[in-house]
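Participant: build me a model:
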Amino acid sequence: MITKKALGVLLVMVLSASLLACGPTPPVSSPSIQTTPTPSPSGQLPPAPSPAAFKWPSSVTIGTQGVGSSAYVDFGGLATVMEQSTGMSVRIVPEDNTVLRMNMLQTRRIDLFLESSTVTSSMEGLRLESMLEDRGPFQMRIISQAYGNRAFGFFVQKDSPIKTVYDIGPETRVAIYPGPSALVFAMLAGLGLNDGPVPIDPMKGKWKVKVVTFGSWDASMRSVAEGKADVAMCTAAATAVIEAAASPKGIRFLELPIKTDPEFVKRFLAVRPTEIFGPAPHDGVKEIWDVITIGGGGHLFARSDTPDDFAYNFIKWMTENFDKYKDKSARLRSYTIQDFRLLLNYSITPVHPGTIKYLKEVGMWKPADDLRNEYNQKLMDWYIELFPKGVAAAKAQGIAVTGTSEPWFNFWQNYKKSSGIPPYKTMTDNDITDGLAYLKSKGR
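Facilitator: Residues are numbered from 1 along each chain as shown. Below you'll find the predicted structure:
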């Protein structure tokens, strides 16, 4: 599990970096969460819900990355403990495609959504598949901690002639999968291996490497050990990577030149402005430990209409029962309230009111968080308001609003720019203050 000190180093590095750069599994349907509120005595503040007073819903459905992913393994172990403790049926829905999984939350096919803390940036509409009329921005909230920190790393076979990222070139076979592979393209852009400008959808770019596309992230991660690719991206605790590390050929991770190559950082963040860097925590395969790479944690997200008492009791349960589930998978040891608190310093998504209530009770909510929450809420509101206007304006010009329409994609990017709406990016508390002033100047 990453220590508070280690994550602190990671977040400090983010500030430095920011200064340098101005087949899917069918979903399982589930009903919306319904809970029974606890009445309070007349004229008194309601007491904090207790396990005896709160009635858990009959079931909760959680969307994770695909089978074999670290997240799927995490919640496979955690679900058993939660079911025994709460009486809920906890169902896990695996789906590698982040856009599809996020849409499952939006359309109430799942109740909670596990993903990187920066996933809200997809509401900008940076991929065509996220720009269908029913996949536009929607009211989403952070509800609870997930993995406190994980490393995304780039690895090769142990005896590969690729010793550093600078050895990646035109003959290098680079594995990609359309979901998480934006990070791969950001790394390639950092190295200057893009042929011409990097498009908003990097999958459509021209790259000075041999791009090898796989049907799933798991297949992409297995490609190096199978000899189908030379370089692939992974998370350190993924089943495919653990198996590759244990194989006779072994694996080795490539360090990112964050400290030594400011131009690399600048070009990387131009593609992925919400990412952070730092030493990989001692989690997952040992080969990545302490390697400087892409970092960051994850959250559990819910819709804004999720009941406050459910949100409150969910994060309370996750925190108070940590010792009961932390050993069910290697990465569950990072699901701490302390690491969650640190990640909130750079969150780009509003936090659920029920979650805020719990954080205040345990002394983990500060005045600066109110300002960040205000900014994140106002920005999300603006995107939600702007998207249908953009759809209507595009249709008025005869532009088809589909998941394959390049004219619609280009129209939306220009429409955002003309509106003056800010993009999602990692922001310091000072940035938030400036951001609120800008929003006010725009009447927000």
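Participant: how far away is Asp431 from Tyr383?
Facilitator: Distance, Asp431 to Tyr383, using CB to CB, to the nearest Å: 18 Å. Glycine gets a C-beta too; all of them are placed from N, C-alpha and C.
Participant: which one of the two is surrounded by more residues?
Facilitator: Using other CB atoms under 10 Å as the criterion, Asp431 and Tyr383 rank with Tyr383 on top: 21 against 16.
Participant: work out for me the element the more buried one sits within.
Facilitator: In this structure, Tyr383 sits in helix 367-396 according to DSSP states H and E.
Participant: which parts of the chain are strands?
Facilitator: Counting by DSSP state E, the chain has strands at residues 59-64, 89-94, 112-116, 140-145, 152-157, 173-176, 210-213, 232-235, 251-254, 276-279, 292-295, 298-303.
Participant: what residues are up against the most centrally placed residue in the chain?
Facilitator: For the chain, the residue nearest the mean C-alpha position is Ser116 (1.7 Å; CA atoms, centre = their mean). The contact partners of Ser116, by CB atoms under 8 Å, 6 or more residues apart in numbering, come to 296-298.
Participant: pLDDT score for it?
Facilitator: Ser116 carries a pLDDT score of 82 in this model.
Participant: what of Ser32?
Facilitator: pLDDT, Ser32: 39.
Participant: just the one 10 residues further on next, same as before
Facilitator: What the model reports for Ser42 is a pLDDT of 41.
Participant: quick one on the thing from earlier: of the strands of the chain, which shows the lowest average pLDDT?
Facilitator: Mean pLDDT values for the strands of the chain show the minimum at strand 276-279, a mean of 83.
Participant: for the stretch 201-350 of the chain, which spans come out with low pLDDT?
Facilitator: Nowhere does the stretch 201-350 of the chain drop to pLDDT under 70.
Participant: helices of that one, start to end?
Facilitator: Secondary structure of the stretch 201-350 of the chain (DSSP state H, counting those that start in this stretch): helices located at 217-222, 239-246, 262-271, 308-320, 322-325, 337-344.
Participant: just checking, what packs against the second one?
Facilitator: So the one you mean is helix 239-246. If contacts are counted by 3 or more CB pairs under 8 Å, 6 or more residues apart in numbering; DSSP states H and E, helix 239-246 sits against helix 217-222, strand 232-235, strand 251-254.
Participant: for Ser441, which of those is the nearest?
Facilitator: strand 232-235 (39.3 Å; CB to CB).
Participant: neighbouring strands for that closest one, and are they parallel or not?
Facilitator: strand 152-157 (antiparallel) (DSSP bridges).
Participant: which outside residues touch the partner strand?
Facilitator: Applying CB under 8 Å, 6+ apart, the contact partners of strand 152-157 are 162, 165, 180, 183-184, 187, 224-225, 230-236, 241, 244, 249-254, 256, 280, 287-288, 291, 293-296.
Participant: same thing with stretch 243-261?
Facilitator: So stretch 243-261 is contacted by 13, 17, 153-160, 162, 164-166, 187, 190, 221-222, 224-225, 231, 241, 264-265, 268, 277, 280, 285-288, 291-294 (CB under 8 Å, 6+ apart).
Participant: recalculate using a threshold of 6 Å.
Facilitator: The contact list for stretch 243-261 (CB atoms under 6 Å, 6 or more residues apart in numbering) reads 153-158, 165, 225, 264-265, 277, 285, 287-288, 291-293.
Participant: now swap in stretch 192-206 and tell me
Facilitator: 126-127, 185, 189, 207-209, 271, 413.
Participant: mind running it again at 8 Å?
Facilitator: Residues outside stretch 192-206 that contact it (CB under 8 Å, 6+ apart) are 126-128, 168-169, 176, 178, 181-182, 185-186, 188-189, 207-209, 267, 270-271, 409, 413.
Participant: would you mark the buried spots in that stretch?
Facilitator: 193-194, 198-202, 205 (16 or more other CB atoms under 10 Å).
Participant: same check, this time on stretch 107-124
Facilitator: 109-124.
Participant: distance from that stretch to the middle of the chain?
Facilitator: Per CA atoms, centre = their mean, to the nearest Å, the displacement of stretch 107-124 from the mean C-alpha position of its chain is 8 Å.
Participant: next: stretch 90-103.
Facilitator: Counting by CA atoms, centre = their mean, stretch 90-103 comes out at 12 Å from the chain centroid.
Participant: mind saving the C-alpha coords of it as CSV?
Facilitator: Extracted in CSV, the C-alpha atoms of stretch 90-103 (Å, rounded to 0.1, in the frame of the first residue of the first chain):
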residue,chain,number,x,y,z
VAL,A,90,-23.4,-7.0,-4.5
ARG,A,91,-23.2,-7.6,-8.3
ILE,A,92,-20.2,-6.9,-10.3
VAL,A,93,-20.6,-5.9,-14.0
PRO,A,94,-17.3,-6.1,-15.9
GLU,A,95,-16.8,-3.8,-18.9
ASP,A,96,-13.4,-2.7,-20.3
ASN,A,97,-14.7,0.2,-22.3
THR,A,98,-14.8,3.2,-20.0
VAL,A,99,-17.3,5.1,-22.1
LEU,A,100,-19.8,2.2,-22.2
ARG,A,101,-19.4,1.6,-18.4
MET,A,102,-19.9,5.3,-17.6
ASN,A,103,-23.0,5.2,-19.8
